[in-house]
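Colleague: Have a look; sequence and predicted model below, questions after that.
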Amino acid sequence: MSGPLPAIYTSRGDSRGSRYYHHNDMANTSEPSGSGAPASGPSVAPASGKAEELENTAIAQNPFKEDEFLARHLRKIPRNAKLDAAELAQLVQAVTSCSNEHDMYQPTVHLLNTISKNVYDSFKGDTIRGRKKQRLLFLDHHHGPPAFHPCGSNTKPDFIGVWGEEKHYEKYRTGANNTFLKVPCHEACTVGELKPKRDQTKGSAQTISYLWPLMQARPDMPGVYAFYGNLKQYQIIWADAAEPIASPLVGWDNLDLLMAYVYSMYDPPPRHYLYDPTISLTKAKHGFDPANVTYTIVSPPPRPPPRLGRNKGKGKLPADDNHKPRTRVYQRCKPVHWGAMWGRRSMVFIGQPRDNPDSFAVIKNSYRSDRRRFIEVEIIGHIHAEGTVPGVVRLINGPGSTNVQMEGGVLCTAPRGPDLKAHPDRTLDRLEMRSRGLPLHKAKSLLDLLKAAYDILEVHRFLVLKRSVLHRDFSINNVLMYPEHEEGPDGKEIFIKDPPKFIDEVLPPFGERDDSRDYSRGLLIDFDNSSMLGGDIGKELTLRTGTPKYISRAVAAQKPLDHSSARDYVPMPELLKQRARVLYKHAYGNATYDKYCDPAAGGVFHGGRLPSSKVSERLRTTNDDDEKFLEMLIGGTSDPPPSSPAPEEQPPEPEETRPDAGDTPTSSQPQFIFYHRMDHDAESLFWVLFHSLIRAQPQGEPEQQSPALSAAWQKFAQHAIVDCKEVEDSRNGFFLWSEQMCRNHLHPKLAHIAPFLAKMIEQVRPEYGYLDPPPCQEHLHEAMRRLLLDAIVEITENKSDVALDPDHQRPVDGWDDELPTAKTGGTVGTGNGKGKRKREDDDDDTAGGSSKRINSPYETRTSSNYVSMPVAG
């Protein structure tokens, strides 16, 4: 079908898009590339890449022949299934003699159906490879898209393939030249595209663009085949989570590939899995509603956890009754999230356990690269190893992840090319979870939003300092509020003994802590980009991982930030509200409050000064006032603050003192380099909060567009991660916002929160790695915690809370994401060139083995309260 490519190839480059391999050169033409689930409507990761880029791709010719593609990705048709050569020639002549695209539809479909009937008749018995024997029908469907697509896709392949008797599809026949319309998309199993001209690039690209909507509609299909043809040649395409791969274009005088394509739909070659036997359409007792498709998911017993980090030793499942391996069945599972197009192909369902239909379960399927250093289920298991950690997603399937067993091994992607190292195998992992929540932009009130953000900070702080887990992918869909949890396996939740202190424990009324209660108002999910922290910094921490709108600026640039003014630095905030200061000290103690405060003399920011060398190297001044300001900042020296004893006189640090740093770095120590730090995740949470505040719509207020908001939103929402490190981050302008500018971009009913937002911007803005000595790793968490507590107390005292509309965002003019916005399908890693992405889980050096030793600018002394981070030198 002619016309523009569908939207999955026309997004803004904010996620990993289509890289498809062509067997003519096995090179990739790459464009840029989703655990508990939001309990809201479906979310779809925007696909990436631009149509014009894909259309202009030059594809080399003939390094591989068609028989090599056939041998690797198809099953050759046996003699007893072949058509008579004369009959085939006549059918092919009907296709190649057409004068336009429209005339090609019927003869091509007739040719494929004739081959399919012969293949069907060649199989004896009632089953084929354990599946019920059914005939594959090809239907001319060029008049419109298949119906009831779960994500609303309107892509229109020229024909589709379906299983079953022809009479079943009579109700979809249009009567016009034997064409069909509105066949439910979940019945399609293959697609095809026809072009009259010999136009390989556009035809192949358009055919591939139909595969992702097909795979969205068919979660029970791990892989799919597709067909593209013109008047001179045709091509077969295979696609699974490891991205599409296409045969060369072959002439119509060679039909081996065509017949093998049809035969492979019945009997696919090894490791080309067309169906997942553990997922099936739910069969309703009172008729089937194609507009509300649900699935039944069967999970076999979990495998033992194989490793954590580089520990390759096999684990063992606990022997107690609560963890006896057993098959679990989930019914009425509805898809709520689709990840990025190729890569992990994450898909999240919310369903009901068959043995407890009044409860819920969240099931997440994702194809994990076998080279990943850390595995999500193992990290979550590690977090909860000593008891349930409040505010973190909880698992049903215990310490082991579930793989789907298939003939010849676990369900995985097909091998790619001769160099398997360059094209990693991906294995289907299934997480079964008993936690869910709502994204922060679904807050019902301003106080609810700020309190949830406070608790998320506390959870993240605990995970890094007490569990050595760095999340690395905060986004609007991974940071949730209003958490819900189902009971554990034994009906009782055993929490850790020393959990974080959450906002409801800081604010009155005070009472004795209930150890059986989860006090967290937030919920952290999706740990498939997380890292375990240790003595060395693994290479994965030097790679770019995150969701474009919310990724920290330094991680997006893959280098420390540059700043144009020394005024970017401000001291650790004091709690301005006396009641907030009293509540803080009551909850955390006077010593905790004092150890993070900067001295009143000035020139100290989060415990460090700006060394004169760094000022001259990194900061530019523009006037006399700035010169005086710089003199105050550096004081002509890079020594520690006057209020602190010199490093050689400093006594050993007790547990209750500030865990910030260690000794002042000397000139012989190496300059710090980029790696993903704890404060980078704090900045990502700031962006989530920023999004939620500027788009917040007060309840009962008319929805009115604001030109200022629309312009700001475009800058924010269209932020993309590019490989050129010199490109300025499109979000930098937000760090110039004054309190008045914040007020101008907020809804008028939320104007009183502008001072809070402006102070938050001041704290997040600088690159703290230049400070000497460097701040403690949780310094930005502490600053944000203080600002949040001050704002919460002020709103409570002034009774200025605002009810928000959780179902509507403030409208913006121009492009807007669907909400909730799904994450981009995972990592955005090291680049391969302009416009390309390479995820960290595709990098050989992150697959275990030795990690790269990197000198850290952040240093934490080891104590019982803090986990040691890597130190310089």
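Modeller: Happy to help now that I have it. Residues are numbered from 1 along each chain as shown.

Colleague: Distance check, residue 592 against residue 261.
Modeller: 67 Å (Cβ to Cβ, to the nearest Å). C-beta here means a position set from N, CA and C on the backbone, and glycine is covered the same way.

Colleague: Also residue 119?
Modeller: Residue 119 is 10 Å from residue 261, by Cβ to Cβ.

Colleague: cool, residue 159 as well?
Modeller: According to Cβ to Cβ, residue 159 stands 13 Å off from residue 261.

Colleague: Repeat that for residue 223.
Modeller: For residue 223, the distance to residue 261 - Cβ to Cβ - is 13 Å.

Colleague: where do the helices sit along the stretch 301-450 of the chain?
Modeller: 376-383, 446-467 (DSSP state H, counting those that start in this stretch).

Colleague: Just put those helices in JSON lines and tack on mean pLDDT, mean neighbour count and distance to residue 583.
Modeller: Converted to JSON lines, those look like this (pLDDT from 0 to 100; neighbours: other Cβ atoms under 10 Å; distance: least, Cβ to Cβ, whole Å):
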{"stretch": "helix 376-383", "mean pLDDT": "91", "mean neighbour count": "23", "distance to residue 583": "28"}
{"stretch": "helix 446-467", "mean pLDDT": "97", "mean neighbour count": "24", "distance to residue 583": "12"}
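
Colleague: I'd like those helices laid out as CSV, including distance to residue 697.
Modeller: Output for these, formatted as CSV (distance: least, Cβ to Cβ, whole Å):
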stretch, distance to residue 697
helix 376-383, 34
helix 446-467, 12
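
Colleague: quick one, which of these is nearest to residue 410?
Modeller: When those are compared by Cβ to Cβ, helix 376-383 sits nearest residue 410, at 14.3 Å.

Colleague: just checking, what packs against that closest one?
Modeller: Under the contact criterion of 3 or more Cβ pairs under 8 Å, 6 or more residues apart in numbering; DSSP states H and E, helix 376-383 touches strand 426-433, helix 446-467, strand 469-470.

Colleague: Report the inter-axis angle for it versus strand 426-433.
Modeller: 40 degrees (axes from the mean of the first three to the mean of the last three Cα atoms, to 10 degrees).

Colleague: Distance check, residue 335 against residue 215.
Modeller: 12 Å.

Colleague: These two: who's more crowded?
Modeller: Each of residue 335 and residue 215 has its neighbours counted (other Cβ atoms under 10 Å); residue 335 has more, 24 against 21.

Colleague: wait, isn't that one in contact with residue 219?
Modeller: Yes: if you go by Cβ atoms under 8 Å, residue 335 and residue 219 touch, sitting 6.4 Å apart.

Colleague: shared neighbours of those two, anything?
Modeller: 295, 347, 349 (Cβ atoms under 8 Å, 6 or more residues apart in numbering).

Colleague: looking at those, which has the most residues close by?
Modeller: If you count neighbours using other Cβ under 10 Å, the busiest of the shared contacts of residue 335 and residue 219 is residue 349, which has 23 neighbours.

Colleague: quick one, which of residue 223 and residue 261 is more surrounded?
Modeller: residue 261 (28 against 23).

Colleague: ok, residue 413 to residue 428 distance?
Modeller: 9 Å.

Colleague: Which residues are in contact with each of those two?
Modeller: 222, 367.

Colleague: where does residue 371 land on pLDDT?
Modeller: pLDDT for residue 371: 77.

Colleague: And residue 677, by the same measure?
Modeller: 91.

Colleague: With the one 5 residues further on instead?
Modeller: Among the per-residue scores, residue 682 shows a pLDDT of 97.
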